[in-house]
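# Okay, sequence plus prediction incoming.
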Amino acid sequence: MEELTSNWNRLSLSDREGPGCCLEDDLSFHELFLAAKFLTRRAVNVDAIAKTFTPLWRSRNGFQVRNLGNHMVLFAFDNMEEVEKVIQSEPWSFDKHLMILEKYDKNNSMEELQFKRTTFWVQVHGLPIKFMNVRAATKICEVLGTVLPSTNPHEYEGGNFVRIRVSLDVTIPLCRGRLVSIGRDKEVWVSFKYERLPNICYWCGCFDHDDKDCEKWLNSFYKSRQSVSSQPVPQSQKEQEKSCPTSPVQARSSTAGADWTDSMSPERITELVQNGKPQSVTNHSQQFASCTSPSVT
């Protein structure tokens, strides 16, 4: 290497071969990155992600997808306008699970990304006619997060409701509505409906798990089993057992189920209910009504 360097130094360069050409940053290929995190426990398939979002985003020069692990991917674009278009069209979901997007500066580390916020159009229902305007709906929706203004006034119109665009913190449960005071002597319940709402937990309203994996539901189910097993045996049942004696094996079999379920851990209960859930979960899910609309492209 030292010999090559010395030989190069002895060469004489012409005017065209010598210095004088300087490459500035504006001549480089600028990749613009969007980091994404998928709130799901399933493995992320990069090929399926690319096939899903290519027709939705309609990027002029296409985009690249890189798997970062831990349910995170990196989308690389070459056009800032397309990046802004994707962000303005939130929320996005993949396989019915929420995908959180953040602009990524390649000079920073991935650990600095928080993946805490995404944007939803929220429908405000139940407003009295005289308060069905953007100002009143904006004040009500301040409890949800940061209200984002829109340059198109027609986007707020929804007929019998008002639409407000809000940046939500996805680490806290969704808000179902709000009790609003009308004057001093009247209160009305104003409900929120979230457009293009992906899968959530209908027990607690969180995005990061399904209802069958909710600790709140598991604890409730586990406690209900304990309360049933702790109830005293009716006298009529005791008399029936005395009149129809059973063998020790039969007696053990008749109570083994209760003892077994009483000793189950929440993890074991989760395994048992993977293929189903109590009817109470389905009924409880009605608390979080959602309104779906075609994907924004």
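Received, thanks.

# Next secondary structure element downstream of the helix or strand harbouring residue 122?
According to DSSP states H and E, residue 122 maps onto strand 117-125. The C-terminal neighbour of strand 117-125 among helices and strands, as given by DSSP H and E, is helix 134-141.

# Can you spell out which helices and strands pack onto that following helix?
For helix 134-141, the helices and strands in contact under the criterion 3 or more CB pairs under 8 Å, 6 or more residues apart in numbering; DSSP states H and E are strand 117-125, strand 162-169. To be clear about C-beta, it is placed using only N, CA and C from the backbone, and glycine gets the same treatment.

# So what's the residue count around residue 118?
Neighbour count of residue 118, defined by other CB atoms under 10 Å: 24.

# actually residue 214, sorry about that
20.

# my guess is it contacts residue 201, does it?
Yes. The criterion here is CB atoms under 8 Å, and residue 214 meets it with residue 201 at 4.8 Å.

# Next one: residue 123 from residue 169, what distance?
Remark: distance between residue 123 and residue 169 (CB to CB, to the nearest Å) = 19 Å.

# Let me fix that, I meant to ask about residue 33.
For residue 33, the distance to residue 169 equals 23 Å [CB to CB].

# Those two - which one has more neighbours?
Neighbours were tallied for residue 33 and for residue 169 using other CB under 10 Å; the higher tally belongs to residue 33 (18 against 12).

# what's the following helix or strand after the helix or strand that contains the more buried one?
When elements are assigned from DSSP H and E, residue 33 belongs to strand 32-38. Later in the chain than strand 32-38, the nearest helix or strand by DSSP H and E is helix 46-57.

# how about that following helix: buried residues?
Using 16 or more other CB atoms under 10 Å as the test for burial, helix 46-57 gives 49, 52-53, 57.

# swap in stretch 31-44?
Applying 16+ other CB under 10 Å to stretch 31-44 flags 32-40, 44 as buried.

# just so I have it, where are all the helices in this structure?
Applying DSSP state H to the chain gives helices spanning 2-10, 46-57, 80-88, 134-141, 215-229, 235-243, 248-262, 266-272, 279-284.

# picking up where we left off before, save the helices and strands packed on helix 134-141 as JSON lines, and put in mean pLDDT and distance to residue 142 too.
JSON lines is the format used below for the helices and strands packed on helix 134-141 (pLDDT from 0 to 100; distance: least, CB to CB, whole Å):
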{"stretch": "strand 117-125", "mean pLDDT": "96", "distance to residue 142": "11"}
{"stretch": "strand 162-169", "mean pLDDT": "95", "distance to residue 142": "9"}
